[in-house]
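# The sequence isn't on hand, but the structure is:
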């Protein structure tokens with residue numbers, strides 16, 4: 001979702017508003033809005049004060065009092081879907097990739113419809129890369145984060161990841177996050193674990209098959225030379241070439257104050273001989289190896305089910321694993337899902353991947 005601020009608007013009938021002056025927006029949303037143009041918003045009858053004369057409604061739109069009437073001062077403009085040509089570029093590498101906003105909407109409806117939990121009674125843990133482009137999409141700022149606003153209705157998120165999205169925070173983080181479950185309202189937990197990779201639509205890079213592992217970041221002239229995920233790039237490069245001249249296999253003591261880099265190199269080292277392709281091919285491989293290792297830790301004996309994770313009894317833990325795909329700045333990100341499971345202490349893991357992806361891809 002992208003947003004624009006303006007005071008020059010007025011309510012109209014129903015749940016629409018009329019823009020009284022031209023607004024221009026850029027990126028993967030409507031190119032321009034001209035007078036008159038009607039957008040939708042969430043009408044409220046009795047808003048609640050947040051502070052400073054600003055009022056908040058359930059959709060995240062804000063209102064102020066003007067001439068004894070409630071007037072919205074922030075228009076929430078839903079991003080238009082990326083072009084079909086951008087979709088095709090992404091799906092050439094990840095055939096089941098979907099718009100990340102759609103992923104968030106399906107996650108909420110699937111958990112609610114199948115298990116009865118509403119999103120604001122679920123504490124989300126997000127194990128995704130620390131990269132700034134993986135920050136949230138804010139409804140009132142056009143920032144650079146691409147983590148979809150459709151997931152903002154979940155509580156949190158608890159920051160459970162680190163470089164390349166691997167769950168570097170370990171069992172202590174699982175224990176801390178699990179302890180935050182909403183016990184008074186019989187809530188649940190939801191863990192999303194995804195490394196990320198950029199895919200640009202820059203024409204020359206697409207033509208050269210050099211566009212995967214790259215994105216056009218804000219403030220940069222182009223996507224040329226970008227490395228997304230940079231941590232995955234440096235980890236696979238070290239594992240394949242040992243450009244640092246360190247011990248082989250990697251030894252933790254030689255990565256002083258660089259534990260996360262060591263972890264990623266250690267994951268990729270057994271596959272070092274496979275990094276013989278192009279940059280884009282190697283980035284896809286590295287991302288997949290890290291995704292698989294992350295998933296194996298979470299669902300394995302050292303992860304969520306380990307007694308030292310201190311997961312409370314009788315609490316449903318939903319878990320989704322996949323890959324988060326960054327698009328060029330201003331465009332919607334994508335998600336491809338590998339698995340969707342539920343863990344219950346004492347009962348173990350139950351696989352719901354087929355049902356979830358069936359809804360996601362319908």
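Good, I have the coordinates. Fair warning: this is a prediction, and the values are worked out from it, not measured in the lab. Numbering: from 1, shown residues only.
# Surely residue 123 and residue 181 touch.
Yes. Between residue 123 and residue 181 there is a contact under C-beta atoms under 8 Å: 5.9 Å. Any C-beta I mention is one placed from the backbone N, CA and C, and that applies to glycine too.
# got any residues that touch both of these two?
Jointly contacting residue 123 and residue 181 under the rule C-beta atoms under 8 Å, 6 or more residues apart in numbering are 187-189.
# Return the subset of these lying in strands.
188-189 (DSSP state E).
# need the shared contacts of residue 123 and residue 181 in TSV with distance to residue 240, can you?
TSV is the format used below for the shared contacts of residue 123 and residue 181 (distance: C-beta to C-beta, whole Å):
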residue	distance to residue 240
187	44
188	41
189	37
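# Could you provide the shared contacts of residue 123 and residue 181 in CSV, with additional columns for pLDDT?
Converted to CSV, these look like this (pLDDT from 0 to 100):
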residue, pLDDT
187, 97
188, 98
189, 98
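# Select from the shared contacts of residue 123 and residue 181 the one having the most neighbours.
residue 189 (28 neighbours; other C-beta atoms under 10 Å).
# tell me the contacts of the nearest residue to that one once chain neighbours are set aside?
Closest residue to residue 189 apart from its sequence neighbours, by C-beta to C-beta, 6 or more residues apart in numbering: residue 317 at 4.5 Å. By C-beta under 8 Å, 6+ apart, residue 317 lies in contact with 178, 188-191, 304, 311, 342-344.
# redo that, cut-off 7 Å
Applying C-beta atoms under 7 Å, 6 or more residues apart in numbering to residue 317 gives the contacts 189, 191, 304, 311, 342-343.
# now the helices: where do they sit in this protein?
For the chain, the helices defined by DSSP state H occupy 84-91, 100-115, 170-179, 203-207, 230-241, 259-268, 279-299, 353-361.
# ok, how many other residues are close to residue 102?
17.
# For it, report the pLDDT, please.
Residue 102 is assigned 94 on the pLDDT scale.
# what's the answer for the one 3 residues further on, then?
Per-residue confidence at residue 105 stands at 95 (pLDDT).
# which one is it nearest to, not counting chain neighbours?
residue 150 (4.9 Å).
# and if you look at residue 328?
Distances taken as C-beta to C-beta, 6+ apart place residue 216 nearest to residue 328, at 3.9 Å, with adjacent residues excluded.
# ok, the one you found to residue 290 distance?
Distance of residue 216 to residue 290, computed by C-beta to C-beta, to the nearest Å: 23 Å.
# what's the answer for residue 210, then?
With distances taken as C-beta to C-beta, residue 210 is found 21 Å from residue 290.
# Check the burial of residue 132 by counting its neighbours.
Counted with other C-beta under 10 Å, the neighbours of residue 132 add up to 12.
# which residues does the residue nearest to it when sequence neighbours are not counted contact?
The spatially closest residue to residue 132, leaving aside those adjacent along the chain, is residue 144, at 6.0 Å (C-beta to C-beta, 6+ apart). Residues in contact with residue 144 (C-beta under 7 Å, 6+ apart) are 132-133, 218, 329.
# ok so, going back, quick check on residue 216 and residue 290: which one has the bigger neighbour count.
Neighbours per residue, other C-beta under 10 Å: of residue 216 and residue 290, the larger number sits with residue 290, 29 against 23.
# That one touches residue 232, doesn't it?
Yes. Counting by C-beta atoms under 7 Å, residue 290 does reach residue 232; the two are 6.2 Å apart.
# tell me the pLDDT at residue 348?
96.
# partners of it in the sheet?
Residues in a beta bridge with residue 348, per DSSP bridges, are residue 344.
# For it, grab the count of nearby residues.
11.
# pLDDT weak spots in the stretch 151-300 of the chain?
Applying pLDDT under 70 to the stretch 151-300 of the chain flags no residue at all.
# got a list of what residue 175 touches?
Listed by C-beta under 7 Å, 6+ apart, the contact set of residue 175 reads 309-310.
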